[in-house]
Each structure stands twice: as structure tokens, then as C-alpha cells.
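**Student:** make a model of this:
(one chain, ligands or ions: 2)
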Amino acid sequence: MLTAEAVKARARELGFDLCGVAAAEAFPELAYLREWLDAGYAGDMAYLARSADRRADVRRVVPGARSVVVTGTLYNVDRPYSTDIQDPATALVARYAWGDDYHDVLGSRMQALLDWMREQSPEPFEARAYVDTGPVQERVFAQYAGLGWIGKNTCLINPDLGSWLFLAEIICTLDLEPDTQGLEQCGSCTACLDACPTGALVEAGALDATRCLSYLTIELRGSMPEPLRAAIGSHVYGCDICQEVCPYNQPAPRSSDPAWQPRPGLDLPRMVDLWQTPDRGLRSLVKGSAMTRAKLPGLRRNLAVAMGNAGLGETLASTDQNTDGHDVPRPSLDDPLVRDHVEWARQRGRGV
Ligand code: SF4
Ligand code: SF4
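**Tutor:** Ligands and ions are numbered 1, 2, ... in the order given. So this is what the prediction gives:
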């Protein structure tokens, strides 16, 4: 018989920092999604509403599911937090996106774990492995699998490792011994709610995504709401503030896994350098990272807003030559979305 202990031991061998098992049940916390959607907090993320029924019960994803094996992988690396960077001309990119795309890296590792489970199990079983993209409320299952608790910042927090964790799961019809759920340990702390620059954490554990910098710089495809542009600050892809201020990340352990180390062009990049990079260069810079989720015009839009906030609006003038007079082909600057945000940034620079 394949036991939960054997699966967890194999997960450790494969490089996962955490692994636990939750029962495949409709836990009460799963029902909150519907309330959250009804409040309009999902913004343009229509796919969440479309898959809400499946997200409410993993047995609609894998019929007959009995267990959810959840893994956690630490991705924190030895670099300063964004809140410690004083130079407003440094482009801030969320920590999880600095290295290789976690979907690819962890997808292979999860598949290796599932393949091993199939080899070891005397009985055939149904299973699906997901890394973030499945119709699964993975943080709820991570909590019930004993990996930690869902903090007031809505992240899964492990008392020893903090919250810089990639979660992934295998939903399966095997009957594995579940772990004891993680205990809530935020207590009276409200550091994340107090630090959020837009008030997106409307109350403990409730995120209005339409105000969150992660949503605005990644998920939102169109124009960035003007009242929120100043709060974007220097963020060009995602936001880590509500995790950086969390006492459970002071300090957080670091991963030496080469996959999560920042690629050179994303290691505290200067906004001007990114802006002057040709489209082809920007594409190859983010290729193979999680940053491909924001398309090129979206990245240019974010950069324009961040440069406007940094007082660099005037350097955004649409030209295909850099300061050395070399050609820099950037057809994405002709995108009306980009042009609109460049104009906003330039006017901000002039105090209009
Ligand atoms: S990611 Fe940033 S904007 Fe979003 S809730 Fe956290 S602190 Fe607020
Ligand atoms: S900052 Fe405080 S309240 Fe927020 S998640 Fe961390 S411990 Fe919980």
C-alpha cells in the first residue's frame, strides 16, 4: 500500500521543502470564493467565475477524489526586499518572477512525484497534478494539509519557512492519511493590512484584487485606473509588500535552487534600461520566466507608469534611438495603450 509518509519522503527527495496531505473534502473555507466573486473583487479575471463550481469542490475536478497531496517550495533568494530599495528608478519585479517559470520547473517535479506514486501503488488510480493553474483553491488545501495557515494577507504562511512558497498539488483517488490542519498564527498583527499601498486588503484575509498592484500590473489588460497609478510606485510586475512586512518573513530562509535565482536582466534592473531595450530583447529577457503572463504592451504600460512616478516621464519620448544614437526597434511603443500611459507619465513629469 502506498502511504502518505512514503509520498512525503519521496517529495522531499525530489526537492520539495514541504509536503502534506488533505482530505478531498468541501471544506467551509472553499465557499468564500462565491462571496468574493459576488463582491466584484475578481475584476476582469472572468475565468475564476467560470470555474467557480469546480473550485468549490475538487471532486468535480477529479471524480472520486479522496486526497490532495500539497507541496510547498521555497523561492526566496538572497536579495533585498523592495521596501528596502531607496532608488525609485529601480524597477520592482515580484520575487517569484525573477528566475525560471515555476509552472515549468515545478510541473516537471510534480509529474515525477505522480509517476513515482503510480509505480508504487499496487492499485491504479485517477489523479491530476496542478501548479497554480488548476481550478483548485490550493491555499485552503495547503492549510488542511498542515503546511501552514492562510494569513491576513491571503498568503499561505508556514511558521518556519514564511510565505515565499510556491504551492502545487496532486488531486487523486487514493485514500491517503490526512495531516492535521495548520493553526492560524497571525494573532493581533495587522502589518500587511497597514502596509498595502492601495488598501487592497479590505479586511483580514479579504483581497480586493481590483486594487491590488499584482492584478493591476499583471492581470489587467487595458488601461490602468488613473487614481491608482501613483500607488503603483516603481512596481512594474507584481508586488511583494504585504509579504515583505510579515514578521514570519523576517528573515525568511533562502533557497539555493538555481531555478529561482534572478536572471541578470531582472536583478534589480533600472527602469531606463528596460525601457530602452528593443522589443525583441525584452521578449527574450522574460522568456522562460513567469513574466510572460504580462504581454509586451502590458509591460511597457507598467514601465511607463513607474517611470512617470519616478520622475522619468520625459525620457519616455517615443524614439527608436537610445541616448547613444543607436537604433532600438520598439514597435510596442505604437500600441495605443502604451502611448496613452506614456503621455500620462510625461504630463505627470510636467506637473500637469
Ligand atoms: S500585493 Fe501589494 S497591492 Fe496587493 S495586497 Fe499585497 S501589498 Fe497590497
Ligand atoms: S503581516 Fe501579520 S497579519 Fe499579515 S499575514 Fe503576516 S502575520 Fe498575518
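**Student:** count of neighbours near residue 30?
**Tutor:** 17 (other Cβ atoms under 10 Å). Placement of C-beta: from N, CA and C, glycine included.
**Student:** wasn't it part of a strand?
**Tutor:** No: read with DSSP: H, G, I helix; E, B strand; the rest coil, residue 30 is helix and lies in no strand.
**Student:** please name the residues that touch it.
**Tutor:** By Cβ atoms under 8 Å, 6 or more residues apart in numbering, the contact set of residue 30 is 55, 56, 57, 137, 140.
**Student:** for it, give its distance to residue 150.
**Tutor:** 12 Å (Cβ to Cβ, to the nearest Å).
**Student:** and residue 259, by the same measure?
**Tutor:** 25 Å.
**Student:** so these two - more neighbours on which side?
**Tutor:** residue 150 (21 against 16).
**Student:** please report phi then psi for the more buried one.
**Tutor:** phi -90, psi 110 (degrees, to the nearest 10).
**Student:** who touches both of residue 30 and residue 150?
**Tutor:** Common neighbours of residue 30 and residue 150 (Cβ under 8 Å, 6+ apart) are residue 140.
**Student:** for the contacts of residue 30, pick the one with the most neighbours.
**Tutor:** In the contacts of residue 30, the most neighbours by other Cβ under 10 Å go to residue 140, 23 neighbours.
**Student:** so it is in which element?
**Tutor:** helix 138-144 (DSSP states H and E).
**Student:** may I see the buried residues of that helix?
**Tutor:** By neighbour count on 16 or more other Cβ atoms under 10 Å, the buried set for helix 138-144 is 138, 139, 140, 141, 142, 143, 144.
**Student:** wait, does that helix contact ligand 2?
**Tutor:** No: Helix 138-144 is not in contact with ligand 2 by Cβ under 6 Å from any ligand atom; minimum separation 12.1 Å.
**Student:** what's next to that helix, contact-wise?
**Tutor:** In contact with helix 138-144 (Cβ under 8 Å, 6+ apart) are residues 20, 22-23, 27, 29-30, 58, 68, 70, 72, 130, 132, 148-150, 154-156, 167-169, 178-179, 181-182.
**Student:** what about it, distance to the chain center?
**Tutor:** 16 Å (Cα atoms, centre = their mean, to the nearest Å).
**Student:** and what of stretch 259-273?
**Tutor:** Using Cα atoms, centre = their mean, the offset of stretch 259-273 from its chain centre is 17 Å.
**Student:** got a list of what residue 280 touches?
**Tutor:** Per Cβ under 8 Å, 6+ apart, neighbours of residue 280: residue 329.
**Student:** okay, the most centrally placed residue in the chain and ligand 1: tell me how far apart.
**Tutor:** Geometric centre of the chain, nearest residue: residue 96, 6.2 Å, by Cα atoms, centre = their mean. The gap separating residue 96 from ligand 1 is 11 Å, by Cβ to the nearest ligand atom, to the nearest Å.
**Student:** ok so, going back, if we check ligand 1, which of the buried residues of helix 138-144 are in contact?
**Tutor:** Counting by Cβ under 6 Å from any ligand atom, no member of the buried residues of helix 138-144 is near ligand 1.
**Student:** nearest to ligand 2, of these?
**Tutor:** Of all those, ligand 2 sits closest to residue 139, with 12.1 Å by Cβ to the nearest ligand atom.
**Student:** could you flag which of the contacts of helix 138-144 are buried?
**Tutor:** 20, 22-23, 27, 29-30, 58, 68, 70, 72, 130, 132, 148-150, 154-156, 167-169, 178-179, 181-182.
**Student:** among those residues, name the ones in helices.
**Tutor:** Of those, none are assigned to helices by DSSP state H.
**Student:** list the buried residues in stretch 327-347.
**Tutor:** 328, 330, 332-333, 335, 337-339, 341-346.
**Student:** want to throw those into a markdown table with secondary structure, distance to residue 124 and pLDDT?
**Tutor:** Shown next, in a markdown table, are those (DSSP: H, G, I helix; E, B strand; the rest coil; distance: Cβ to Cβ, whole Å; pLDDT from 0 to 100):
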| residue | secondary structure | distance to residue 124 | pLDDT |
| --- | --- | --- | --- |
| 328 | coil | 56 | 77 |
| 330 | coil | 53 | 88 |
| 332 | helix | 49 | 91 |
| 333 | helix | 55 | 90 |
| 335 | coil | 51 | 93 |
| 337 | helix | 50 | 96 |
| 338 | helix | 52 | 95 |
| 339 | helix | 57 | 94 |
| 341 | helix | 53 | 96 |
| 342 | helix | 57 | 94 |
| 343 | helix | 60 | 94 |
| 344 | helix | 58 | 95 |
| 345 | helix | 58 | 95 |
| 346 | helix | 63 | 92 |
